[in-house]
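*Asks:* With the sequence up front, the predicted model follows.
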Amino acid sequence: MKADPAGVLTGAHYLDGDFACGEGAMAAGCRFTAGYPITPSTEVVERIARRFPTMGGLFIQMEDEMASMAAIVGASWTGTKTLTVTSGPGFSLMMENIGLAVMMETPCVVVNVQRGGPSTGLPTMTGQADMMQARWGSHGDYEIIALSPQSPQEAFDLMIDAFNLAELYRVPVLFMMDECVGHMTEKVVIPPAEEIEIVPRTLTSVPPGEYWPYHVNGKYVPEFARAGDGYRFHTTGLTHDERGYPDMSAECQEKCVHRLLEKIKNNADKIVRFDEEQTDGADVVVVSYGITARVARMGVDLARKKGLKVGIIRLIVVWPFPEKRIRELAGNIKAFVVPEINYGQMVLEVERCAAGQASAICVPHGGGGVHDPNDICEAIVRAAK
Amino acid sequence: MARTEIRITGMGGQGVVLSGYVIGRACTIYSDKHATMIQSFGPEARGSACSTTLAVSDTEVLYPYIQRPDVFVVMSGEGYEKYRDELKDDGILVYEKDLVHPRLKKGQPSFGVPSTRIAESLGRSLVQNIVMLGFFTAVTKLLPEDAMREAVRSSVPAGTEELNMAAFNRGLEYVDEATSAPVVEEVKS
C-alpha cells in the first residue's frame, strides 16, 4: 500500500535528523504520538505536534515516559500506527512497557536519540551507549528489532522501514539515533507519497466470536483485531494461550515465548540489513553504525592510504545482528575493528560471532563527541599486524 | 573546493542559527554542494553567546564538526572572544562593525559591516542577520548570489520576503564600498 499523501512533505529540504525522523514517522502513517519530551529528542515531537493537526494525527504530552510507552501500546490496539520518542533516562523508564508490547505483540516504534550516560549524563551531547539496553533492557527472553541511521536522510528513510517492520512482525521497533545525527542539519529528499511503500495492519478476516488473538495457524505472526470493531478478546502481559488468556504453565510459557523469539530469529535473514564494502581479500573489517560509521570511513580511508586492506560493514539494522555474515567474514580476516561511542557494546556481539576465528578490537569513545578518525586508523594498523 | 568550514556566532536572538540554515540551504538545495550544519545546544542558545557551524564540501561530508574555520562570521563581541583563536591564520573574518572590535591580523582578510545600523535604517533591526548574509555572500564568494537569495527567500516568514531581500541586497552592496578599501589593519599589541 502507498503512503497517505497527507503525511508526506514531498520535496528537497534542509532538516536536522530529529525533524527528518518526525517526517519519516508521519510519512510512514504514524497518527498517534505520546511523549515526555527530553533533550536531544525534543525536536522530533515538536515537529510532529506542529504538523499532526494537518493530517488528523494526535500528539499527547504525557506525565512521564512510563505513561508515554503505555499510551502508544494502548493506542496501537485501535489499529493506529504509534510512536514515542525519548533519550537515555526516558528509555530506561520505558523498558517495562516495551516488554509489555513484546508480549502483547503490539506494533509500535520507540525513538531513542542517544546522549551520554549513565543517568542524566550529557543531555546535549552524543552517545551510543544504549545499544545493549535496546537488546536486553526489558526483563525476560525476547527478540527485538532496532535500526540506526547515519544521517538526517536516513533518519527519514529508516523510519518508514521501522514502522513497516513493526507491522510485519508485530513487535516494538527501536530507532537508535544518536544526538549527533539528531542535531545535524543536512539535505533530506522526501519522495512523493506514491513512491513510499507502507505495510498496513494485517486485520483478521475471522468473524467476531470465532477470533482468537494469538492463534497463528502455522504462521509466525497472529492476525490483528482492532478495539472497537466488535471483537471481544483478552490480551495480557501474562503468559497466555492462543485465546489470550493467562495460562501459568511451563508448557504454555514454552509455546508462547518460543514463538516470540522464533518470529524474529527465523526471519532474521529478511530483517538484517547492512552495507558492505571491499571485504573481499580484506585483512581487517571495520564494523560501525550511526554517526560513527561516517567517521569510521575516514579512518578506513587513512588506513587504505597506508596500503592496508580494509573492509567495511555498516550496520543499518543493529538488532537482529548480522551473525551469519560476521561469522563468515571471521574465517577470512585477521580482525574486526569496532569503533562506537561507548566503552564496548556491539563489539561484544562481533566477538561472540567471530568466536575466536578473528579478533574483535574495540575503539571506545566515552561520549560527548565523535572519534578522531586517526584513532580508528591506528586501531586498524594495530589490528592488521 | 575540498572542504570549507564556517563558524557563525553572535548573541541568542540575533538569528545566528537561521543564518547557518540559510547558508546550508543555499549549498544543498540551490547549488550542488553538501553542507552539514551543527548548532550549539544548551543555555547559550537562549541568551548569551550562540554559535552554529557548517562543513561545506563538493563531496559528501563525513566528519560533521569543524576543526579550524575558513570563514568566521561574528555578530557579537562575546562570540568573537570565545572563538577568535580557532580561525585559520588566512581565514576570512566577517564581523558586525559596531558590535565587534577585532584585533585584526596581517594576512587575515577581514571585513566589517554595520549590519545592525543598516537593518535599523530598513525599519527592522531583526533583519541584521540577513544584511550580514548579503555581506558574507559578497566577501567570501563561496556561493552564487542567486542561490543565497533563494535560500533567504524560502527561509524567512511569509510576508517578510521583500524586507529580507532589501536587507540582503544592502549587505551585498555594502561590500562594494568595503572591498574597494578593505579594512585590513595590523595587530597593535
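*Replies:* Okay, I see it.

*Asks:* residues contacting residue 48?
*Replies:* Answering for chain A, as no chain was given. Taking CB atoms under 8 Å, 6 or more residues apart in numbering or on different chains, we find A:Ile48 in contact with A:22, A:25-26, A:30, A:33, A:57, A:59, A:83. Glycine gets a C-beta too; all of them are placed from N, C-alpha and C.

*Asks:* wrong chain, I was asking about chain B
*Replies:* Counting by CB under 8 Å, 6+ apart, B:Ser48 has contacts B:11-12, B:78.

*Asks:* any idea how far it lies from B:Ser19?
*Replies:* Look at B:Ser48 and B:Ser19: by CB to CB, to the nearest Å, they are 17 Å apart.

*Asks:* Same question for A:Glu251.
*Replies:* Distance from A:Glu251 to B:Ser19, by CB to CB: 66 Å.

*Asks:* same deal with A:Gly290?
*Replies:* With the distance defined as CB to CB, A:Gly290 ends up 28 Å from B:Ser19.

*Asks:* Then A:Glu105?
*Replies:* In this view, A:Glu105 and B:Ser19 are 49 Å apart by CB to CB.

*Asks:* Is there a neighbour count for the closest residue to B:Arg3 other than its chain neighbours? I'd like the number.
*Replies:* In space, B:Arg3 comes closest to B:Ser57 once its chain neighbours are excluded; the distance is 4.6 Å by CB to CB, 6 or more residues apart in numbering or on different chains. Neighbour count for B:Ser57, taken as other CB atoms under 10 Å in any protein chain shown: 18.

*Asks:* and B:Ser57, what are its phi and psi?
*Replies:* Phi and psi for B:Ser57, reported as degrees, to the nearest 10, are phi -160, psi 160.

*Asks:* Name the residue in A:Glu251 and B:Ser19 with the higher neighbour count.
*Replies:* B:Ser19 (26 against 10).

*Asks:* Secondary structure element holding the spatially most central residue of chain A?
*Replies:* Centroid check for chain A by CA atoms, centre = their mean gives A:Ala146 as the closest residue, at 2.4 Å. In this assignment (DSSP states H and E), A:Ala146 forms part of strand A:145-147.

*Asks:* same check, this time on B:Val56
*Replies:* In this structure, B:Val56 is located in strand B:49-57 according to DSSP H and E.

*Asks:* Spell out the residue ranges of the strands in chain B.
*Replies:* Here chain B has its strands, by DSSP state E, at B:3-11, B:34-39, B:49-57, B:71-74, B:92-96, B:110-113.

*Asks:* Now those in CSV, please, with extra columns for mean pLDDT.
*Replies:* Compiled in CSV, the strands of chain B are given as follows (pLDDT from 0 to 100):
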stretch, mean pLDDT
strand B:3-11, 96
strand B:34-39, 96
strand B:49-57, 94
strand B:71-74, 98
strand B:92-96, 96
strand B:110-113, 94
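
*Asks:* mind putting these in JSON lines, distance to A:Glu223 included?
*Replies:* Output for the strands of chain B, formatted as JSON lines (distance: least, CB to CB, whole Å):
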{"stretch": "strand B:3-11", "distance to A:Glu223": "53"}
{"stretch": "strand B:34-39", "distance to A:Glu223": "45"}
{"stretch": "strand B:49-57", "distance to A:Glu223": "49"}
{"stretch": "strand B:71-74", "distance to A:Glu223": "59"}
{"stretch": "strand B:92-96", "distance to A:Glu223": "63"}
{"stretch": "strand B:110-113", "distance to A:Glu223": "67"}
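
*Asks:* List the residues that contact A:Ser87.
*Replies:* Counting by CB under 8 Å, 6+ apart, A:Ser87 makes contact with A:38-41, A:112-115, A:123, A:179.

*Asks:* redo that, cut-off 6 Å
*Replies:* The neighbourhood of A:Ser87, defined by CB atoms under 6 Å, 6 or more residues apart in numbering or on different chains, consists of A:38, A:41, A:113, A:115.

*Asks:* pLDDT of the longest helix seen in chain B, averaged?
*Replies:* Secondary structure of chain B per DSSP state H: the longest helix is helix B:161-180. The average pLDDT for helix B:161-180 rounds to 85.

*Asks:* Near chain A, which residues of chain B are found?
*Replies:* Taking CB under 6 Å from any CB of the partner chain as the contact definition, chain B meets chain A at B:24-25, B:28-29, B:36-38, B:41-42, B:62, B:64.

*Asks:* Let's see that with 7 Å instead.
*Replies:* Within chain B, the positions near chain A by CB under 7 Å from any CB of the partner chain are B:21, B:24-25, B:28-29, B:36-39, B:41-42, B:62-65.

*Asks:* Check those residues and tell me the two furthest apart.
*Replies:* Farthest apart among the residues of chain B next to chain A by CB to CB are B:Ile29 and B:Gly42. That separation is 28.2 Å.

*Asks:* Of the two, which one has the most company?
*Replies:* B:Ile29 (20 against 11).

*Asks:* doesn't A:Tyr14 make contact with the more buried one?
*Replies:* Yes. Assessed by CB atoms under 7 Å, B:Ile29 is found in contact with A:Tyr14 at 6.1 Å.

*Asks:* what residues are shared contacts of those two?
*Replies:* Residues touching both B:Ile29 and A:Tyr14 by CB atoms under 7 Å, 6 or more residues apart in numbering or on different chains: A:Lys187.

*Asks:* circling back: tell me which residues in the longest helix of chain B are buried?
*Replies:* Across helix B:161-180, burial judged by 16 or more other CB atoms under 10 Å in any protein chain shown covers B:163-168, B:170-172, B:174-175, B:178.

*Asks:* those helices in chain A, which residues are they?
*Replies:* For chain A, the helices defined by DSSP H cover A:17-27, A:42-51, A:65-76, A:88-104, A:131-136, A:152-169, A:179-182, A:250-265, A:268-271, A:291-305, A:323-330, A:346-354, A:373-384.

*Asks:* Would you mind giving those helices as CSV with mean pLDDT added?
*Replies:* Output for the helices of chain A, formatted as CSV (pLDDT from 0 to 100):
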stretch, mean pLDDT
helix A:17-27, 98
helix A:42-51, 98
helix A:65-76, 98
helix A:88-104, 98
helix A:131-136, 98
helix A:152-169, 98
helix A:179-182, 98
helix A:250-265, 97
helix A:268-271, 98
helix A:291-305, 98
helix A:323-330, 98
helix A:346-354, 98
helix A:373-384, 98
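
*Asks:* Phi first, then psi, for the nearest residue to B:Gly10 once chain neighbours are set aside.
*Replies:* When the adjacent residues along the chain are set aside, B:Gly10 lies closest to B:Met75, with 3.0 Å between them (CB to CB, 6+ apart). Torsion angles at B:Met75 (phi, psi; degrees, to the nearest 10) stand at phi -110, psi 0.

*Asks:* Run a quick neighbour tally on B:Met75.
*Replies:* Other residues within reach of B:Met75, judged by other CB under 10 Å, total 26.

*Asks:* And for B:Phe111?
*Replies:* 22.

*Asks:* Now do the nearest residue to it once chain neighbours are set aside against B:Leu133, distance only.
*Replies:* Excluding its sequence neighbours, the residue lying closest to B:Phe111 (CB to CB, 6+ apart) is B:Val139, at 4.5 Å. For B:Val139, the distance to B:Leu133 (CB to CB) stands at 11 Å.

*Asks:* neighbour-wise, which of these two wins?
*Replies:* More crowded of B:Val139 and B:Leu133, by other CB under 10 Å: B:Leu133, with 32 against 24.

*Asks:* hang on, isn't that one packed against B:Ser19?
*Replies:* Yes. The criterion here is CB under 7 Å, and B:Leu133 meets it with B:Ser19 at 5.8 Å.
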